[in-house]
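K.L.:
sharing a model prediction with you, sequence too.
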Amino acid sequence: SGHAQEDVSDLREALNELRGEYEQRISDLEKKLEMAVQSKSHEGHTDIQSSGGRAIKSNAFNPSIGVVLNGQFSEFTERTEPELAGFSVGEEAHRGAGGMALDHTELSFSASIDDKFYGSLTYAIAEHDGATEVEVEEAYVETLPGADAPATFKFGKALWALGYLNEQHHHTDDFVGRPLPYEVYLNGGFNDDGIQISKILPTETYQEIGVGLFRGNDFPFGTPDGQGVGATSLYYRVGGDLGVNGTWRLGAYRVDGETGGRVGTEDLVTFIGDTSITAYDLRYTYAPTGNEASQEITLTAERFSRSEDGNYTGTGDEAFATTNIDQNTSGYYVAATYKWMPQARVGVRYAAMNSEDIVGGTLDGTVVDGGGFNPNQTDIMFDWTNSEYSRIRLQFGQEEVARGQNDDSIILQYIMSFGAHGAHKY
């Protein structure tokens, strides 16, 4: 009994010595960390006295610069792109004339502005009708996670949360070109000027809510009626793990706005009135081996519906008198990809639109009259990815754009990145 008490006493003494030693080590590490943070802060903001006596703040948060080269060789069975039955689409939704072409190449700059804000600027460069066009695709500021803000604030011009693909840059897509609902309803993507406020809820399951206020100057809206807020949005996302190797995410979105003039069909058709779009998306990924870098199956589906209340006017080859319209149309796509080895994937995508059959009246037989036909699109792709910076893709496609009229395609695409390369979203 005496020996047992002595052993317990020795163990307690050794435990106290060990605890004291580790507490001292932790204290020393905390001091070193604090000194390193202070040193970094001084390095990041050093006052330099200019010749004029003005203090200049130097910034250690130098911008990351990245370039994405996106080009392709394409051939179509229809030399002139046929009109999509039942819909007046915007300029970005047109496929081009075929042959060798530059397609949506990007130049981007991004950096942490300070400890609370992050900024990004992306220029998009593409060829259209033989001319090279340069436009600002994104130019926004976003609060950082450590900014102590009650939510995430993102403001400027950006690819906003509206479905699964809209927030992505085109070079990250799994297929060449956007599916029909994105081309018809969003002209490829919604990137208006505005502000978005979002928050990830403190729950065990991933849940995110967000609202947006926009100028209303981008498709599907157009020329704003006034100088204030021209469009608003609301969305909700939920997701999590499914089994050991699977993940899922479901989202619901709504955007509403009023336009003083949205043009389509080569600027020959104009819509004025109220537009609202509702979208749902579902994303599922499964890694058979537990490592998505080696093998992965992805399933993506989105459904869009659009409500329009206003009037259409046609000019030129599409001339028709101003006519009131109150219609609802919809579209969807489903896509699947299979990565059977780290560098190779195969994928298939199907998309379809549901238009209205307008019988009688001024709009009967015009571009916005579907005539009872629903356009659809089928694509099969194979791509080879040497690294996260280079990808080559071969895609075969068929679009049934109108009754008895198909537009088949074969496209060979290359995507090459150099410089900074941001992480892709889920």
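P.N.:
Arrived safely.
K.L.:
A336 is in contact with T298, correct?
P.N.:
Yes: with contacts counted by Cβ atoms under 8 Å, T298 reaches A336, the gap being 6.8 Å. Any C-beta I mention is one placed from the backbone N, CA and C, and that applies to glycine too.
K.L.:
comparing those two, which residue is more hemmed in?
P.N.:
Taking other Cβ atoms under 10 Å, T298 and A336 do not tie; T298 has more neighbours (19 against 16).
K.L.:
look up phi and psi at the more buried one.
P.N.:
phi -120, psi 140 (degrees, to the nearest 10).
K.L.:
adjacent strands (with direction) for the longest strand seen in the chain?
P.N.:
Scanning the chain for the strand with the most residues, using DSSP state E, yields strand 320-341. Sheet pairing of strand 320-341 (DSSP bridges) gives strand 296-314 (antiparallel), strand 344-354 (antiparallel).
K.L.:
and the first one, how far out from the chain middle?
P.N.:
Relative to the centre of its chain, strand 296-314 is centred 15 Å away, using Cα atoms, centre = their mean, to the nearest Å.
K.L.:
what average pLDDT does it get?
P.N.:
Averaging pLDDT along strand 296-314 gives 94.
K.L.:
for that strand, which positions count as buried?
P.N.:
296-298, 300, 302-306, 308, 310, 312-314 (16 or more other Cβ atoms under 10 Å).
K.L.:
farthest pair within those?
P.N.:
E296 and T313 (48.1 Å; Cβ to Cβ).
K.L.:
now do the residue nearest the centre of the chain, the pLDDT please.
P.N.:
Nearest to the geometric centre of the chain sits E167, at 1.7 Å (Cα atoms, centre = their mean). E167 is assigned a predicted lDDT (pLDDT) of 95.
K.L.:
what's the burial count for the nearest residue to it once chain neighbours are set aside?
P.N.:
Excluding the flanking residues, the one nearest E167 by Cβ to Cβ, 6 or more residues apart in numbering is L159, at 5.0 Å. Using other Cβ under 10 Å, L159 has 19 other residues around it.
K.L.:
my read: L159 touches G188, true?
P.N.:
No: applying Cβ under 8 Å as the test, L159 and G188 come out as separate, 10.3 Å apart.
K.L.:
what do the two both touch?
P.N.:
Common contacts of L159 and G188 (Cβ atoms under 8 Å, 6 or more residues apart in numbering): none found.
K.L.:
how close does V229 sit to V255?
P.N.:
Distance, V229 to V255, using Cβ to Cβ, to the nearest Å: 12 Å.
K.L.:
neighbour count winner among these two?
P.N.:
V255 (27 against 16).
K.L.:
what's opposite the more buried one in the beta bridge?
P.N.:
S233, I277.
K.L.:
contacting residues for it?
P.N.:
162, 190, 212, 231-233, 276-277 are the contacts of V255 under Cβ under 8 Å, 6+ apart.
K.L.:
what about 6 Å?
P.N.:
V255 sits next to 162, 233, 277 when contact means Cβ atoms under 6 Å, 6 or more residues apart in numbering.
K.L.:
any weak-confidence spans in the stretch 301-426 of the chain?
P.N.:
359-360, 421-426 (pLDDT under 70).
K.L.:
try 80
P.N.:
317-318, 356-361, 365, 420-426 (pLDDT under 80).
K.L.:
one more: the stretch 1-150 of the chain?
P.N.:
1-62, 79-82, 91-97, 126-131, 146.
K.L.:
quick one on the thing from earlier: quick check, nearest of the contacts of V255 to G372?
P.N.:
Among these, and counting by Cβ to Cβ, the member closest to G372 is I277, at 23.4 Å.
K.L.:
mind checking how far the closest one is from R303?
P.N.:
Applying Cβ to Cβ to I277 and R303 gives a distance of 11 Å.
K.L.:
again, but for L213
P.N.:
Applying Cβ to Cβ to L213 and R303 gives a distance of 25 Å.
K.L.:
again, but for G216
P.N.:
From G216 to R303 the distance is 24 Å (Cβ to Cβ).
K.L.:
S88 now?
P.N.:
S88 is 21 Å from R303, by Cβ to Cβ.
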